[in-house]
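[1] dropping a prediction and its sequence here:
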Amino acid sequence: MTIVVVNNSGLGNRIKNIVSAVRKGHLIGDVVDIQCGHESLFKVAQCVIEPLRDHREVMSTWGLKMLPEEEKRKILREPRRLVEYHDRSYHGVLEGTIDLQYFNIEQEVIDEFLRYFALIVFNQKIIEYVDSLSSGFQVNDKVGVHVRSWYDAPDRHSILFRIEDFYKKLDALADEKSFVLCVDHYFVRDAILKRYGRHRVLEPLAREIGHVSFDARGSVGFHSLVDMLLLSRCGSLVGTYQSTFSECAWWLGGGSKLVYIPIPGAILELEEKFYSQQEGSLAQNFWRNR
């Protein structure tokens with residue numbers, strides 16, 4: 001039979017869903033039917049032509065999932081450190097995944113998943129545009145900055161977004177240091193431009209901003225993928241807490257770039273409360289001191 005991939009969420013979610021499905025299809029010898037509305041942006045190479053087992057499932061996830069039989073495998077270097085907040089119980093949701101763990105993932109697992117990210121073949125026009133921007137901005141030695149304000153999700157916006165958290169990291173850069181900026185809304189872009197000036201903020205001209213899940217316009221998808229690939233080529237990354245967009249940029253960049261994730265104050269307060277009760281001390285996320 002087949003694994004059917006159905007996902008109408010944002011670009012990062014779709015890519016992660018596809019990677020998980022193709023990996024599972026290869027491991028169990030199954031065909032993967034991808035129905036994610038991605039055809040104008042990329043294609044996915046697959047090596048299973050005919051299914052080897054009588055199996056059918058619909059896969060709609062935002063996670064990089066391990067198979068149930070891999071439960072005993074060592075996946076993470078340190079125990080996962082994520083607390084519950086608002087409407088999500090992440091301890092349960094993230095079980096059996098490597099989501100949002102970056103350098104906390106064992107290297108052999110990173111290498112394995114990179115082989116599946118490499119099966120994504122991007123639209124040649126997008127690649128040519130990204131090549132041009134990369135050369136013009138000299139992104140190899142630049143910091144790529146992705147700010148997700150969650151303006152389209154009021155609960156997340158109120159808990160997970162505080163632009164001052166990004167300012168702290170960007171303020172620490174040398175005054176003459178420019179950085180590549182990718183955002184989900186114009187109000188974030190305008191605030192950062194006002195603070196750091198156009199001479200320091202690098203961004204594509206005529207970009208249509210929109211990294212949100214419900215925005216299916218082709219032009220937004222094009223520019224969103226340009227942003228993600230541009231970030232992936234930067235020398236290091238500043239990403240957004242719990243953003244699969246930031247996460248996919250890191251994976252597409254080879255899963256080895258230095259990444260800094262500002263942790264929202266509300267999450268730090270929850271962590272301190274949770275871990276002081278559980279362990280008597282504040283848990284230190286693996287990326288916090290990077």
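    Yep, it's here.

[2] return the residues in contact with His146.
    The contact partners of His146, taken as C-beta atoms under 8 Å, 6 or more residues apart in numbering, are Cys182, Val183, Asp227, Leu231, Leu237, Val238, Gly239, Thr240, Ser243, Phe245, Ser246, Ala249. All C-beta atoms are positioned from the backbone trio N, CA, C, and that covers glycine.

[3] tell me which element the last one is part of?
    Looking back up the chat, that one is Ala249. helix 244-252 (DSSP states H and E).

[4] can you give the contact residues for that helix?
    By C-beta under 8 Å, 6+ apart, helix 244-252 touches 10-13, 15-16, 62, 99-100, 102, 113-114, 117, 144, 146, 148, 211, 224, 228-229, 231-232, 237, 239-240, 257, 259, 261.

[5] rerun at 7 Å
    Contacts to helix 244-252, defined as C-beta atoms under 7 Å, 6 or more residues apart in numbering, come from residues 10-13, 15-16, 62, 100, 102, 117, 144, 146, 148, 211, 228-229, 231-232, 237, 239-240, 257, 259.

[6] so which of these sit within helices?
    Cross-referencing those with the helices (criterion: DSSP state H) gives Leu11, Gly12, Asn13, Ile15, Lys16, Phe117, Met228, Leu229, Leu231, Ser232 as the overlap.

[7] that older thread, can you lay out the contacts of His146 as a markdown table showing distance to Arg80?
    Converted to a markdown table, the contacts of His146 look like this (distance: C-beta to C-beta, whole Å):
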| residue | distance to Arg80 |
| --- | --- |
| Cys182 | 27 |
| Val183 | 28 |
| Asp227 | 28 |
| Leu231 | 24 |
| Leu237 | 21 |
| Val238 | 22 |
| Gly239 | 18 |
| Thr240 | 19 |
| Ser243 | 17 |
| Phe245 | 21 |
| Ser246 | 18 |
| Ala249 | 21 |
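
[8] just the closest of those to Leu202, please.
    Leu202 has its nearest neighbour among the contacts of His146 in Cys182, at 10.0 Å by C-beta to C-beta.

[9] for Asp99, see how far away that closest one is.
    In this structure, Cys182 and Asp99 are separated by 20 Å, where distance is defined by C-beta to C-beta, to the nearest Å.

[10] more neighbours, those two?
    Each of Cys182 and Asp99 has its neighbours counted (other C-beta atoms under 10 Å); Cys182 has more, 28 against 20.

[11] surely that one forms part of a helix?
    No: per DSSP: H, G, I helix; E, B strand; the rest coil, Cys182 lies outside any helix segment and is strand.

[12] partners of Lys43 in the sheet?
    For Lys43, the beta-bridge partners are Val121 (DSSP bridges).

[13] hang on, it packs against Val121?
    Yes: under the contact definition of C-beta atoms under 7 Å, Lys43 touches Val121, with a separation of 4.9 Å.

[14] go through stretch 247-259 and flag the buried ones.
    Of the residues in stretch 247-259, those buried under the neighbour-count criterion (16 or more other C-beta atoms under 10 Å) are Glu247, Cys248, Ala249, Trp250, Trp251, Leu252, Gly253, Gly255, Lys257, Val259.

[15] if we can go back for a sec, just the buried subset of the contacts of helix 244-252, written out for PyMOL, thanks.
    Those of the contacts of helix 244-252 that meet the burial criterion (16+ other C-beta under 10 Å) are gathered into one PyMOL selection, given here:
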select buried, resi 10+11+12+13+15+16+62+100+102+117+144+146+148+211+228+229+231+232+237+239+240+257+259
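
[16] and Glu71, how many neighbours?
    Applying other C-beta under 10 Å, I find that Glu71 has 10 neighbouring residues.
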